[in-house]
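In: just need the structure, nothing else, for what follows:
(one chain, ligands or ions: 2)
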Amino acid sequence: MPSNVVISDDIQVAQTEGEAIVALESAVIATGLPSPHNLTAAYRCEAAIRLQGAKPATIAIIGGIAKVGCTTDEIDELGIRDDVVKTNLSNLSAIMAHGRWGATTVSTTMHLAAIAKISVFSTGGIGGVHRDAEKSFDISSDLMALASYPLIVVCAGAKSILDLPRTVEVLETLGIPLIGYRSSELPAFYSRTSGIKLDIVADEPSDVARIAKEHWKLGFKSGLLVVAPVPEASEIPAQEMESFYKTAMAQAEQEKIYGKAVTPFLLSKISALTSGRSITTNIALLENNARVAGAIAIALSQQLK
Ligand code: PSU
Ligand code: MN
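Out: Ligands and ions are numbered 1, 2, ... in the order given. As a prediction, this is how the structure comes out:
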């Protein structure tokens with residue numbers, strides 16, 4: 001174990017006892033949702049995982065130390081501090097060297113979860129290929145991470161601020177199994193549909209675990225992406241979202257937002273444009289993903305016994 005990564009006692013005990021563990025990211029707490037919804041979401045995710053019989057391990061950079069299994073005090077602080085930096089694979093080491101607080105995105109959460117030998121991770125939506133990628137070259141390091149670390153990542157697809165067909169193409173190029181959870185269509189985060197059909201569908205958590213086991217037994221070191229649509233009662237239909245995305249993206253261009261700031265900027269614009277409805281949907285899908293990930297982690301640990 002590297003000396004700059006700390007695994008909480010709680011998670012270490014769970015690991016020695018062979019318990020199922022689910023990693024959680026912290027970018028959603030520090031940059032994805034406004035206060036107090038960020039902490040509501042964080043605690044609902046942890047509770048949903050526990051309800052399945054698994055242990056949640058929220059990951060973040062706490063004053064320069066990479067922490068796997070944040071305490072409630074640390075989570076609360078992540079939710080209120082205004083100096084928590086969004087970290088991807090390119091700035092993680094600098095944030096740690098400077099002793100700063102960092103919020104881990106999908107990419108850095110995967111890196112640290114892999115170090116801690118955690119196999120399942122729940123998030124909201126992954127980053128991917130942005131719609132204007134041919135101009136901006138903006139392709140999330142989440143895709144690189146999915147290619148590099150052996151974790152099952154559960155998400156609600158990705159928002160249509162991304163170019164979803166191109167994102168799916170890159171996942172295929174990188175050899176990342178894309179598995180619809182009880183869905184034969186790629187969900188688009190707030191919306192259950194995207195028009196993109198999936199060829200791999202899992203009806204049960206045990207089906208996902210079985211695919212992952214085969215994947216890793218074959219020697220692949222990459223992850224698997226499980227996409228679970230937001231529960232119907234909380235969905236915002238795709239056709240309603242499209243005009244909000246267009247307005248938010250036009251504002252980002254006007255204000256010359258680029259790099260790591262793009263996704264948080266668009267999320268907050270969308271929340272204003274939907275009068276907060278997007279936040280309710282975001283929390284619902286996060287909680288649903290945590291529940292699904294908890295069930296998958298349990299299935300995986302049973303199959304590995
Ligand atoms: N999508 C969301 N909420 C988020 C993110 C994505 O709906 O908070 C975060 C995740 O942590 C994801 C990151 O890994 O944004 C992707 O950022 P970028 O596009 O800059 O790679
Ligand atoms: Mn980006």
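In: contacts only, for whichever residue of the stretch 201-305 of the chain sits closest to ligand 1.
Out: Ligand 1 sits closest to residue 263 of the stretch 201-305 of the chain, with a gap of 4.0 Å, by CB to the nearest ligand atom. For the C-beta atoms, the positions are set from N, CA and C on the backbone; glycine is no exception. Counting by CB atoms under 8 Å, 6 or more residues apart in numbering, residue 263 makes contact with 31, 127, 161.
In: what's the closest of these to residue 216?
Out: Distance to residue 216 across those (CB to CB) is lowest for residue 127, with 23.8 Å.
In: burial measure for the closest one, as a count.
Out: Residue crowding around residue 127 was assessed by other CB atoms under 10 Å; the count is 25.
In: in a strand, it, correct?
Out: No. Residue 127: not assigned to a strand; according to DSSP: H, G, I helix; E, B strand; the rest coil it is coil.
In: model confidence for the residue lying closest to it once chain neighbours are set aside, exactly?
Out: In this structure, residue 127 finds its nearest non-sequential neighbour in residue 140, 2.6 Å apart by CB to CB, 6 or more residues apart in numbering. Confidence at residue 140, expressed as pLDDT, is 95.
In: am I right that residue 140 is in contact with residue 126?
Out: Yes. Counting by CB atoms under 8 Å, residue 126 is a contact partner of residue 140 at 7.1 Å.
In: for these two, list the residues in contact with both.
Out: Joint contacts of residue 140 and residue 126 (CB under 8 Å, 6+ apart) are residue 106.
In: can you show me the helices along the stretch 101-250 of the chain?
Out: Secondary structure of the stretch 101-250 of the chain (DSSP state H, counting those that start in this stretch): helices located at 106-115, 133-136, 141-148, 164-173, 205-217, 238-254.
In: of those helices, which stretch is the most buried?
Out: Ranked by mean neighbour count under mean count of other CB atoms under 10 Å, the helices of the stretch 101-250 of the chain are led by helix 106-115, which reaches a mean of 25.
In: average pLDDT for the longest strand along the chain, rounded please.
Out: Longest strand of the chain, by residue count under DSSP state E: strand 55-62. For strand 55-62, mean pLDDT is 98.
In: in terms of secondary structure, what does that strand contact?
Out: In terms of contacts (3 or more CB pairs under 8 Å, 6 or more residues apart in numbering; DSSP states H and E), strand 55-62 is packed against helix 9-16, strand 21-24, helix 37-51, strand 65-68, helix 72-80, helix 92-97, strand 101-104, helix 106-115.
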